[in-house]
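K.L.:
mind folding the following:
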Amino acid sequence: MMSKAKVFVDDKGNSMLFPAYIYDEDEFVPSSLWTVGMKIRSATGLKMQDGWIEIDRAKFPHIKTRIGHSGFAHGSEEVYLFAGPEFNIVAGE
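P.N.:
Numbering: from 1, shown residues only. Prediction:
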């Protein structure tokens, strides 16, 4: 099953997804998603990209990592890093 997600990019060009904001084809996407993007940008500096990326969750190449900020309930949130210089280093590319 294909899913769609919003991509967040840091100032170094690393692209990542927040697992909580990945939606299946038939899943409802809340209209408040833009507001969530602004809160994440304010807290972390990550910019939510326009549009959606379509992924197959079972085959999506990524590295699980965490991004920290005191505004998150547990001090950090898991993200899926999938492109950019940090991904390339860890992936050995």
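K.L.:
could you pull out the helices for the protein?
P.N.:
Assigned by DSSP state H, the helices in the chain fall at 33-44, 85-91.
K.L.:
how big is the angle separating the lengthiest strand in the chain from helix 33-44?
P.N.:
Ranked by residue count, the top strand of the chain under DSSP state E comes out as strand 76-83. Counting by axes from the mean of the first three to the mean of the last three C-alpha atoms, to 10 degrees, strand 76-83 lies at 100 degrees to helix 33-44.
K.L.:
can you name the residues bridging to the spatially most central residue of the chain?
P.N.:
With distances taken as C-alpha atoms, centre = their mean, the residue of the chain nearest its centroid is residue 17 (1.6 Å). Note on residue 17: beta-bridge partners residue 80, judged by DSSP bridges.
K.L.:
report how many residues lie close to the spatially closest residue to residue 66 that is not a sequence neighbour.
P.N.:
Nearest non-adjacent residue to residue 66, counting by C-beta to C-beta, 6 or more residues apart in numbering: residue 76, 4.3 Å away. Backbone N, C-alpha and C define where each C-beta goes, glycine included. By the measure other C-beta atoms under 10 Å, the count of residues near residue 76 is 14.
K.L.:
what about the nearest residue to residue 16 once chain neighbours are set aside, distance to residue 25?
P.N.:
Sequence neighbours aside, residue 79 is the residue nearest to residue 16 in space, at 4.2 Å (criterion: C-beta to C-beta, 6+ apart). Using C-beta to C-beta, to the nearest Å, one gets 22 Å for the distance from residue 79 to residue 25.
K.L.:
also residue 90?
P.N.:
Counting by C-beta to C-beta, the gap from residue 90 to residue 25 is 30 Å.
K.L.:
cheers, nothing more for now.
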